[in-house]
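Trainee: sequence unknown, structure follows:
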Ligand code: SF4
């Protein structure tokens, strides 16, 4: 692909991603969930932290399952529970693959929100205009890597309408879905390292490289599955070189 073609593809990709977010904003998070996250922001933070190597719905349901079994959404009450109680809720009622590890992540997160943020998880982002501060705050949670931290900022800004500045600090998460679609678009080759993916995204959309992340993930996970491709409905069909097929 020459530079002119590459420019065309990157321009179209940015437009497709923005159009998708426009549409998604009108759908947004389910209203009930959005209300819950506004009232109890620790549900949102814990949902993010649980979102690892399982279906997203199973991860995000975990704070709701805990609420159900403890009979309260109050994080101060959750903090009073023993780690054994939380661990047994994880074992018996959640679908997480790493029940022991994730119940520890859960307990540590609850403790931190109570002790550092005085029980109000929205203080992780409130008063921090710079998104780098928010990413930093997320990274300080046990089990939180850059992928979760940038996903959290993406959701906060796009769906929960939190205003943050300096979005150039939010990089793309170089996971397998993102990589597959960037290869199909001819933007990277099959051997590209994670660092190359990150810098490619920075060159495509320097003002907010992570903006591309949810769209590429959406295409990879909803249209370009390993066993089944839905090319006819795929939003990038006209741009796709179909290299990973
Ligand atoms: S057009 Fe087909 S091969 Fe290309 S990304 Fe979409 S589903 Fe995958």
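Mentor: Right, received. Where do you want to start? Keep in mind that what you see is a predicted model, and the values were worked out from it rather than measured. Numbers count the residues shown, from 1 in each chain.
Trainee: Surely residue 142 is in a helix?
Mentor: No. If the criterion is DSSP: H, G, I helix; E, B strand; the rest coil, then residue 142 is coil and not within a helix.
Trainee: Can you report how many residues neighbour it?
Mentor: By the other C-beta atoms under 10 Å criterion, the neighbourhood of residue 142 contains 14 residues. Glycine gets a C-beta too; all of them are placed from N, C-alpha and C.
Trainee: so what's the residue nearest to it when sequence neighbours are not counted up against?
Mentor: Of all residues not flanking residue 142 in the chain, residue 108 sits nearest, at 4.2 Å (C-beta to C-beta, 6 or more residues apart in numbering). Contacts here follow C-beta atoms under 8 Å, 6 or more residues apart in numbering; on that basis residue 108 touches 141, 142, 143.
Trainee: just these now: which is nearest residue 241?
Mentor: residue 143 (36.6 Å; C-beta to C-beta).
Trainee: quick one: the closest one and residue 106 touch, right?
Mentor: No. In this structure, residue 143 is not within contact of residue 106 by C-beta atoms under 8 Å, at 9.1 Å.
Trainee: okay, and the common contacts of those two?
Mentor: residue 49.
Trainee: The two: who's more crowded?
Mentor: Between residue 143 and residue 106, counting by other C-beta under 10 Å, residue 106 is the more crowded of the two (26 against 16).
Trainee: elements contacting the longest helix seen in the chain?
Mentor: Across the chain, the helix with the greatest residue count (assigned by DSSP state H) is helix 3-27. Here helix 3-27 touches helix 146-158, helix 194-204, helix 212-222, going by 3 or more C-beta pairs under 8 Å, 6 or more residues apart in numbering; DSSP states H and E.
Trainee: what's in contact with that helix?
Mentor: Counting by C-beta under 8 Å, 6+ apart, 1, 158-159, 185-187, 204-205, 211-212, 214-216, 218, 235-236, 238-239 sit against helix 3-27.
Trainee: And the next helix or strand past that helix?
Mentor: The C-terminal neighbour of helix 3-27 among helices and strands, as given by DSSP states H and E, is helix 31-39.
Trainee: Show me what the mean pLDDT comes to for that next one.
Mentor: Averaged across helix 31-39, pLDDT comes to 83.
Trainee: quick one: buried residues of that helix?
Mentor: The neighbour-count check on helix 31-39 (16 or more other C-beta atoms under 10 Å) flags 33, 36, 37 as buried.
Trainee: Now residue 130: phi and psi?
Mentor: phi -80, psi 120 (degrees, to the nearest 10).
Trainee: Test of understanding: give the bridge partners of it.
Mentor: residue 165 (DSSP bridges).
Trainee: quick revisit: is the longest helix of the chain in proximity to the ligand?
Mentor: No. Figure legend: helix 3-27 not in contact with the ligand (C-beta under 6 Å from any ligand atom); closest approach 11.4 Å.
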